[in-house]
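K.L.:
Pasting the sequence and the predicted model now:
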Amino acid sequence: MKVETFFRWYDLWIGVYVDTERHTAYICLLPMLGIKIRWHVGPVCSRCGYEGDYGDTIKECKGYDH
């Protein structure tokens, strides 16, 4: 499980949203400030530490050119 905070200027809501496909819950107690909880983290890139989505089978991330 991984827990992190976030700030998004466009998230003007208060409440809880659960994304079952990505195994993530978003909790916004104040507008624009929230907590992101991932309960099933995918593989981690061995070069840069990028976390893939659950279900990925690659060891290297797709988003960066190493």
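P.N.:
Noted; the coordinates are in hand.
K.L.:
got any ranges where this protein has weak pLDDT?
P.N.:
Filtered on pLDDT under 70, the chain yields the residue ranges 40-66.
K.L.:
all helices in it, in order from the N-terminus.
P.N.:
In the chain, no helices are defined using DSSP state H.
K.L.:
Touching, residue 3 and residue 27? I think so.
P.N.:
No. The criterion here is C-beta atoms under 8 Å, and residue 3 misses it with residue 27 at 9.9 Å. Any C-beta I mention is one placed from the backbone N, CA and C, and that applies to glycine too.
K.L.:
Could you check which of the two has the larger neighbour count?
P.N.:
Taking neighbours as other C-beta atoms under 10 Å, residue 3 and residue 27 compare with residue 27 leading, 16 against 11.
K.L.:
Contacts only, for that one.
P.N.:
Residue 27 makes contacts with 15, 16, 34, 35, 36, 37, as judged by C-beta atoms under 8 Å, 6 or more residues apart in numbering.
K.L.:
re earlier: what's the overlap in contacts for residue 3 and residue 27?
P.N.:
Shared contacts of residue 3 and residue 27 (C-beta under 8 Å, 6+ apart): 35, 36, 37.
K.L.:
Mind putting these into TSV with distance to residue 8 and neighbour count?
P.N.:
Shown next, in TSV, are the shared contacts of residue 3 and residue 27 (distance: C-beta to C-beta, whole Å; neighbours: other C-beta atoms under 10 Å):
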residue	distance to residue 8	neighbour count
35	12	14
36	10	15
37	16	15
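K.L.:
nearest to residue 20, of these?
P.N.:
Nearest to residue 20 among the shared contacts of residue 3 and residue 27, counting by C-beta to C-beta, is residue 37 at 12.8 Å.
K.L.:
All good on my end, thank you.
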